[in-house]
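A.B. asks: Fold the following and give me the result.
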Amino acid sequence: MKKRISPNLVEQAIIAVPKFKAVHAKLEQQVTLRGQSQSTLNNYIRRIALFVLHFNQLPEHVSDDEINEYLAAAARDPKSPSRSSFKHMVYGLRYYFRILGMNKQAIALPSLKGDTKLPVILNRKELKELFSAPLLLKQRIVLTLIYSAGLRGQEVINLKISDIDFERMTIHIRQSKYKKDRIVPLSPTMAIGLKKYLQAEHPYNWLFNGKQPHSQYSMRGLSWVFRENLKKTSITKKVNLHSLRHTYATHLLEEGLNIVTLKDLLGHSNIVTTMIYLHVAQCEHIKAHSPLDTLYNRHGK
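C.D. replies: Numbering: from 1, shown residues only. The predicted structure is shown next:
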């Protein structure tokens, strides 16, 4: 089930500026045609709707000076120390102008520096503490599964029972980010837990059902499970649900997995994205040497 943004905000913008209805429809169409996620549309539409309500007109009718003043106010917003409101507004407006073929206005918007923060990683002791925190089997299994296979939150709630192959020991992740399928290994330890969970909970269709009969787990519910169980631990690091995926990637690198294979396991489209984990992985460094020195000395041959 697709998560929709609050209808009130969109409806208010449409009432204020009726032409915004056509804009909303066009953006939704383009997101679908480009294979982008519904969450992408939600973020863009929410920011554009706020913009429309602020100026009482569509973005293309607002002067560059007024736009810059509005963005500057968003950047200075004390309620958003991470500048997320500013960034989402810039991305939303840039996307909006490009969809309308107004590339000049999109280019004129302020550029955003990429975040340089490295992902926060949980150590093995912290993981064990987190996974033992849930009282409910379902919560313990879903958190452990994310780490065991490096899944995105959306990927785990989209899993169906049929996507778990206990004979081949694989997990089939369907139409994830970039609309790609991929298959990742199913951990033997995880398989034991999943079988126990399936026998106890009897989920229907979806691997993890939501509160309503036959519905799937929601991202909000999944994030809540992580936060509430994190509170039960002694972990003080600033981590979130996605940190389990970061930790999976880092631990695999530390255990010797090559980065090309890791890229495929994570479903990254560009290896540059995967390379960030090289900065946090504590890998053993091998002293620079010539391979000739080991050619005749390996295994005494």
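
A.B. asks: show me the contacts for residue 259.
C.D. replies: 253, 271, 274, 275, 277, 278 (CB atoms under 8 Å, 6 or more residues apart in numbering). The C-beta positions use only the backbone N, C-alpha and C, and glycine is treated the same way.

A.B. asks: Looking at it now. What's its pLDDT?
C.D. replies: With respect to pLDDT, residue 259 has a value of 90.

A.B. asks: just residue 107 next, same as before
C.D. replies: 63.

A.B. asks: How about the secondary structure of residue 236?
C.D. replies: Under DSSP: H, G, I helix; E, B strand; the rest coil, the three-state class of residue 236 is coil.

A.B. asks: Distance-wise, check it relative to residue 230.
C.D. replies: Separation of residue 236 from residue 230 (CB to CB, to the nearest Å) stands at 10 Å.

A.B. asks: cool, and residue 206?
C.D. replies: From residue 206 over to residue 230 the distance is 24 Å, taken as CB to CB.

A.B. asks: Between those two, point out the one with more neighbours.
C.D. replies: Higher neighbour count among residue 206 and residue 230: residue 230, with 20 against 17, using other CB atoms under 10 Å.

A.B. asks: Can you report how many residues lie near the residue nearest to the more buried one when sequence neighbours are not counted?
C.D. replies: Closest residue to residue 230 apart from its sequence neighbours, by CB to CB, 6 or more residues apart in numbering: residue 130 at 6.6 Å. Residue 130 has 24 neighbours, counted by other CB under 10 Å.

A.B. asks: Return the distance of residue 130 relative to residue 195.
C.D. replies: Here residue 130 is placed at a distance of 22 Å from residue 195 (CB to CB).

A.B. asks: Tell me the buried residues in stretch 156-166?
C.D. replies: Judged by neighbour count (16 or more other CB atoms under 10 Å), stretch 156-166 contains these buried residues: 156, 157, 158, 159, 163, 164.

A.B. asks: for the residue nearest to the fourth one when sequence neighbours are not counted, what are its contacts?
C.D. replies: Counting by CB to CB, 6+ apart, the nearest residue to residue 159 once its immediate chain neighbours are dropped is residue 207, at 4.2 Å. For residue 207, the residues meeting the contact criterion (CB under 8 Å, 6+ apart) are 156, 159, 160, 161, 163, 164.

A.B. asks: Looking at those, spot the one nearest residue 62.
C.D. replies: Ranked by distance to residue 62 (CB to CB), the contacts of residue 207 are led by residue 156 at 40.7 Å.

A.B. asks: What helices and strands are in contact with the helix or strand hosting that closest one?
C.D. replies: Secondary structure here is read from DSSP states H and E; on that basis residue 156 sits in helix 153-157. In terms of contacts (3 or more CB pairs under 8 Å, 6 or more residues apart in numbering; DSSP states H and E), helix 153-157 is packed against helix 137-149, helix 219-230.

A.B. asks: at 10 Å instead, please
C.D. replies: Judged by 3 or more CB pairs under 10 Å, 6 or more residues apart in numbering; DSSP states H and E, the packing partners of helix 153-157 are helix 137-149, strand 170-173, helix 219-230, helix 243-254.

A.B. asks: Columns distance to residue 97 on top of these, output as CSV?
C.D. replies: Below are the helices and strands packed on helix 153-157 laid out as CSV (distance: least, CB to CB, whole Å):
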stretch, distance to residue 97
helix 137-149, 37
strand 170-173, 34
helix 219-230, 29
helix 243-254, 32
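
A.B. asks: Could I get the ones you listed in JSON lines, plus columns for mean pLDDT?
C.D. replies: Conversion of the helices and strands packed on helix 153-157 to JSON lines gives the following (pLDDT from 0 to 100):
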{"stretch": "helix 137-149", "mean pLDDT": "97"}
{"stretch": "strand 170-173", "mean pLDDT": "96"}
{"stretch": "helix 219-230", "mean pLDDT": "95"}
{"stretch": "helix 243-254", "mean pLDDT": "94"}
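
A.B. asks: The ones you listed: which one's closest to residue 16?
C.D. replies: Between residue 16 and the helices and strands packed on helix 153-157, the shortest gap by CB to CB is with helix 219-230, which sits at 28.4 Å.

A.B. asks: what angle sits between the closest one and helix 243-254?
C.D. replies: With axes from the mean of the first three to the mean of the last three CA atoms, to 10 degrees as the criterion, the two stretches helix 219-230 and helix 243-254 enclose an angle of 70 degrees.

A.B. asks: Name the residues of helix 219-230 that come out as buried.
C.D. replies: Of all the residues in helix 219-230, those buried under the rule 16+ other CB under 10 Å are 222, 225, 226, 229, 230.
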